[in-house]
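In: Fold the following for me, if possible:
(one chain, ligands or ions: 1)
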Amino acid sequence: METITLGNSAIIGSRIGLGTWAIGGWMWGGTDEAQAIATIHSALARGITLIDTAPVYGFGTSESIVGKALQTAGRRQHAVIATKAGLEWSSGRPRRDSRPLRLRQELEDSLRRLQTDYIDLYQIHWPDPLVPIEEVATELLRMHRAGKIRAIGVSNFSPAQMEAFRAVAPLHTVQPPYNLFERGIDADVLPYASDKGLTVLAYGALCRGLLSGRITTDSKFAGDDLRQSDPKFADARLRSRYVSAVGALDALARERCGRGVLSLAVRWVLDRGPTIALWGARRSDQLEAIDGALGWQLDAQTMRDIDGILERELETPVGPEFMAPPQRAAA
Ligand code: NAP
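Out: Numbers count the residues shown, from 1 in each chain. Alright, predicted model coming up:
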């Protein structure tokens, strides 16, 4: 496994992190606890140490499963637990809420579910426009000084929002969407993070499974699976464009690198900067492909050819904005 230090903290994490949103079930058509625990154990056995979760993933379910899996494996001290705060779901629909009182309660709830007395990386899930960033940063600084959290991160923040945060508290990581098809951060967040020494936890590295190469124009998604509302999957014309782009990338990956598109997609994220690729998996067999993404690098010509394919196949790419949760009603 390749590793990286989280910002200027003392924490070293694996460059492939296990994403556990799907393991929480909500918005992914349900979960199977035994299978989820086996997946986490399999990730640990493959050298993954960083596990990304959040209270909102299954409204506590993902964190509880991560806590149980680490406990049964006796691996808490070896793991880097990255969880989040700042979304509330009392109405059944998540809304942004980073008021300090809520953050303090969330931390205690997360520690209990994760069966631990410290969080390695604590991240604000989405910026809350109703709470000044300085107040949020002050609260996380308190938690850091109290030893309850070892490193501080934000997710879905712009460089200007991170600048405001860093004026008050140390910031070690940022977690934006980033994959071959969703490259918005190339213009701002990625250069900002590189310049300021922040580690980037790239979420959706497989573009919700599209870049695994297994999704076809006929694939169906069950229950509340978010891919039923993701325009890349839900719009038939768009889906066929994306599936065609995956085919072209797969052909390039096989001819140039001797691997399939999934390895290419994860390697691409790792070769773009100080990144960790979050790989969402809910079955152990989905992690078998990890080795194909490690121990090599994309050369400059292949990077250019990838850009050429994306420009040719996707004239107007669609972003991941559909996932953004709304803010609370102002008091
Ligand atoms: P992802 O990693 O792009 O895709 C995950 C899906 O890809 C899996 O659920 C699985 O779908 C499919 N997949 C994985 N390995 C596969 C394989 N070997 N073969 C075929 N299909 C495979 O998406 P993500 O889970 O949304 O993102 C990763 C993580 O990032 C999340 O789990 C979460 O920790 C984090 N995240 C954070 C935010 C944020 O706002 N901070 C937002 C989104 C995600 P099936 O099981 O259906 O086949």
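
In: for the chain, what spans make up the helices?
Out: 21-24, 33-45, 61-73, 100-113, 133-145, 159-166, 189-196, 231-234, 236-252, 261-270, 300-313 (DSSP state H).

In: I'd say residue 65 and residue 38 touch.
Out: No. Using C-beta atoms under 8 Å, residue 65 is not in contact with residue 38; the gap is 10.8 Å. Every residue, glycine included, has its C-beta placed from N, CA and C.

In: these two touch, right, residue 147 and residue 119?
Out: No. Using C-beta under 8 Å, residue 147 is not in contact with residue 119; the gap is 10.5 Å.

In: Low-confidence regions, the chain specifically.
Out: Applying pLDDT under 70 to the chain flags the ranges 331.

In: tell me which parts of it are close to the ligand?
Out: Where the chain comes near the ligand, counting by C-beta under 6 Å from any ligand atom, the residues are 19-22, 52, 125, 155-156, 175, 203-209, 212, 214, 262, 278-282, 286, 289, 323.

In: Grab the most central residue of the protein for me.
Out: residue 203 (2.9 Å; C-alpha atoms, centre = their mean).

In: who does that one bridge with?
Out: Beta-bridge pairing of residue 203 under DSSP bridges involves residue 177.

In: Return the distance of the closest residue to residue 202 other than its chain neighbours relative to residue 244.
Out: Nearest non-adjacent residue to residue 202, counting by C-beta to C-beta, 6 or more residues apart in numbering: residue 178, 3.7 Å away. The spacing between residue 178 and residue 244, counted by C-beta to C-beta, to the nearest Å, is 22 Å.

In: More neighbours: which of the two?
Out: For residue 178 versus residue 244, neighbours defined as other C-beta atoms under 10 Å are more numerous around residue 178 (28 against 14).

In: Isn't that one up against residue 201?
Out: No. Contact criterion C-beta under 8 Å: residue 178 and residue 201 do not qualify, at 9.0 Å.

In: shared neighbours, the two?
Out: Residues touching both residue 178 and residue 201 by C-beta atoms under 8 Å, 6 or more residues apart in numbering: residue 275.

In: neighbours around the one residue in the stretch 151-300 of the chain that gets nearest to the ligand, how many?
Out: At 2.1 Å from the ligand, residue 280 is the closest residue in the stretch 151-300 of the chain, using C-beta to the nearest ligand atom. Residues lying near residue 280 (other C-beta under 10 Å) number 20.

In: oh, and call the first residue 680 from now on, that's how I've got it
Out: Done: numbering now begins at 680, and the last item shifts to residue 959.

In: Once you drop chain neighbours, what's closest to it?
Out: Distances taken as C-beta to C-beta, 6+ apart put residue 698 closest to residue 959, at 3.7 Å, once the chain neighbours are dropped.

In: which residues does that neighbour contact?
Out: Contacts of residue 698 (C-beta under 8 Å, 6+ apart): 731, 882, 884, 957, 958, 959, 960.

In: Torsion angles phi and psi at the third one?
Out: For residue 884, the backbone dihedrals are phi -60, psi -30 (criterion: degrees, to the nearest 10).
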